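> Predicted structure and sequence below. I'll ask about it afterward.
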Protein chains: 2
Amino acid sequence: MKMFGKTTKLLVASALIAGLATAATAAQKVYKWKLATTWGPTLHPFIDAPTKMAEMVEKMSDGRLQIRIDASNKHKSAFGILDMVKGGQYEMGHSASYYWKGKDINLLPFTTMPFGMTAPEQYAWFYYGGGMELMQKAYAKHKVLSYPGGNTGNQMGGWFRKEINSLDDLKGLKMRIPGFAGEIMAKLGLTVTNIAPGELYTSLERGTIDALEWVGPGMDIKMGFHKIAPYYYTGWHEPATELQFLVNERAFKKLPKDLQEILVTAMKLSSYDMYIQNYDMSAKAWDSIAKEYPNIKIKTLPKEVMDAMKKANDELLVEMTKDQPLLKEVLDSQKAYQKKARAWTEMSDYLYLKDNL
Amino acid sequence: MKMFGKTTKLLVASALIAGLATAATAAQKVYKWKLATTWGPTLHPFIDAPTKMAEMVEKMSDGRLQIRIDASNKHKSAFGILDMVKGGQYEMGHSASYYWKGKDINLLPFTTMPFGMTAPEQYAWFYYGGGMELMQKAYAKHKVLSYPGGNTGNQMGGWFRKEINSLDDLKGLKMRIPGFAGEIMAKLGLTVTNIAPGELYTSLERGTIDALEWVGPGMDIKMGFHKIAPYYYTGWHEPATELQFLVNERAFKKLPKDLQEILVTAMKLSSYDMYIQNYDMSAKAWDSIAKEYPNIKIKTLPKEVMDAMKKANDELLVEMTKDQPLLKEVLDSQKAYQKKARAWTEMSDYLYLKDNL
């Protein structure tokens, strides 16, 4: 340094400042993102998955990536999430893939399917059985990235005011059961309706409907259905409902590599975490319901009904996959994987539980 | 800036350089850690959990936290992990808590217990039922932090060369089954031995032992037991074996907050991930074994045997918890949680599977 005069030193100093400042600026650049959810701000544990994801991201990135969560009461577009993420109004969304069935039938099977895989089976399919690749393939044309966003585990079949002993008992029954499961029930002769969540309790109490499905004890307990419907039927239609994170592809590509890794890791962890959180909520809520309302009976739909539902399901899938090669590819992949995974589930957890109930 | 002369500018410039350099140095400081595993370098998926954890950490921290994985062939101390992490030779370890039973009986129940919780039940206990708090309490005196490190799911009861139809069939049988499960089997009249993994196949083939337990199809397939033992018994002794990350407490406290969050998140995700990876490995391995060796029979130990094992288990636990208040607190917490969680498992996955095998 001896050979340089004052002016040279100043130039060197300036160059150093500029260099460090650029590095520091790049390293410190703060990305402020917004995420829109289908859910209201108190719908636990659904709203917790994106909330915890954003908290992890902020802490891990030391504040360099901040994600604001807008619940449905803010953006007023509960079922517009895919469009808003696609259009870039929101960098991210949290919803469920089967809501986009009307826009793109190929997006249906990434949430859960009637008589389909359980949660660990389905996670194994996503991460080790080709599921993630198929999901990205299906979402590619929408220019959004899709990731598992939290699992409810097995959903209950619903609350019924009277016992179901035969197919005949179902005919003409009025039930709130939306989506693909509703189509199956309609084939069995039920009158299927959709009613806003806020009106469900009164509708069931007044007999406007005879039965309804919601989620499981962890989320049902707040709705109070156990006070007015004594039969709680086990599930068949949503054995492992996986919610969904959506990310605008262009926004994702603009993130530095370390923030991309932080974001993907946080989404993946908060997804598993919600599965476990809802397991805990369901266990505790059912324990409390069973103690306070010992008259409630856990029932499984009779074999005759189950067989008719499986038949209706198969028929609907044949219609649905006609001229839909990608949908068929996804469903075939799920079916083949489920067969292998179910054999393992049977010899491990199922036979263990059989002796330890 | 107008009022300052050249010298002042230089001082300002120097101060700026110094300030930026400090910030940049702190932000860029690289932590190089080492992790010792109980496993060899090819024991999948056990070795994958710490490996993937370290990869996630390095990418998320942009190289600021690097963790070198030393498998057991490197450090030659497979069962010295707790001591090495405690002593600071290694900042981290990857092993299983029940291996430390001889050093500290309180550390036994954080892996799995005979007739205990399934994987989702146990994760719910750890993260939402007070399990993590009890584990940190038990490890506090060792000055190490302990985290779940990957679950095998339900382990199989083992490979038997002959069918077991009664308690009498077990008497005098020579079986390789280590640990607490071995003590139960000894109470039932078996001759329990421990044999090095490399000699297991030959010992079973030559009749030095009549039966052995290992893990499950995903890991057993490499060992080749299916070629020489036609009875594959379902599990009872390790319904959800959780491996373990250990972190030296002082080393952890020296990390900046963002790296602590990155490390904890990566450990938590790689733990769940190993559970799913092994689910997939087991499903695929069993599918392949069943096709190639259709003579292999999946069997469940008869009720008479199961009842005797449960009785032996209860008796051993009473002896073990005498004058061990913390151990008793942990086991009572697990038992109470399992009761609630199992009621939910029964009405959700179990009853669903019953109709969908």
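Great, that's in hand. Residues are numbered from 1 along each chain as shown, chains lettered A, B, ... in the order given.

> Break down the stretch 1-150 of chain A into its strands, ranges please.
Counting by DSSP state E, counting those that start in this stretch, the segments of the stretch 1-150 of chain A that form strands are A:31-37, A:65-70, A:92-95, A:144-151.

> Check the average confidence over stretch A:260-276, would you?
Stretch A:260-276 comes out with an average pLDDT of 98.

> Could you do stretch A:58-67 as well?
98.

> State the distance from the closest residue to residue A:214 other than its chain neighbours to residue A:285.
Spatial nearest neighbour of residue A:214, chain neighbours left out: residue A:220 (5.0 Å); criterion: CB to CB, 6 or more residues apart in numbering or on different chains. (C-beta placed from N, C-alpha, C; glycine too.) Note on residue A:220: its distance to residue A:285, by CB to CB, to the nearest Å, is 7 Å.

> Then residue A:275?
With distances taken as CB to CB, residue A:275 is found 16 Å from residue A:285.

> Check residue A:237 too.
Relative to residue A:285, and taking CB to CB, residue A:237 is found at 20 Å.

> who's more crowded, these two?
Neighbour tally, residue A:237 and residue A:285, criterion other CB atoms under 10 Å in any protein chain shown: the higher count belongs to residue A:237, 24 against 21.

> Contact residues of the stretch 151-300 of chain A facing chain B?
Residues of the stretch 151-300 of chain A found near chain B (CB under 8 Å from any CB of the partner chain) are A:153-154, A:156, A:216-217, A:232, A:234-236, A:239, A:256-258, A:261-262, A:265-266, A:268-269, A:272-273, A:275-277, A:279-280, A:282-284, A:286-287, A:290, A:298, A:300.

> Give me the nearest residue to the residue sitting nearest the centre point of chain A, chain neighbours excluded.
Central residue check for chain A by CA atoms, centre = their mean: the C-alpha nearest the mean position is that of residue A:243, 1.1 Å away. Among residues not flanking residue A:243 along the chain, residue A:149 sits closest, at 3.9 Å (CB to CB, 6+ apart).

> for residue A:225, same thing?
Counting by CB to CB, 6+ apart, the residue nearest residue A:225 is residue A:159, at 4.4 Å.

> who's in contact with residue A:269?
With contacts defined as CB atoms under 8 Å, 6 or more residues apart in numbering or on different chains, residue A:269 is in contact with A:53, A:56, B:265, B:268-269, B:272.

> how about those in TSV, adding distance to residue A:351?
As requested, these are arranged in TSV below (distance: CB to CB, whole Å):
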residue	distance to residue A:351
A:53	36
A:56	37
B:265	35
B:268	29
B:269	29
B:272	24
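
> Show me which of the residues you listed is closest to residue A:91.
Distance to residue A:91, by CB to CB, is smallest for residue A:53 among the contacts of residue A:269, at 12.8 Å.

> That closest one against residue A:247, yeah?
No: look at residue A:53 against residue A:247 with CB atoms under 8 Å: they stay out of range, at 11.2 Å.

> Which residue of the two possesses the greater neighbour count?
Neighbour totals were compared for residue A:53 and residue A:247, and residue A:53 leads with 29 against 25 (other CB under 10 Å).

> Excluding chain neighbours, what is closest to that one?
The nearest residue in space to residue A:53 (CB to CB, 6+ apart) is residue A:270, at 4.0 Å.

> Quickly find the element holding residue A:247.
Secondary-structure assignment from DSSP states H and E places residue A:247 in strand A:242-248.

> All set, thanks.
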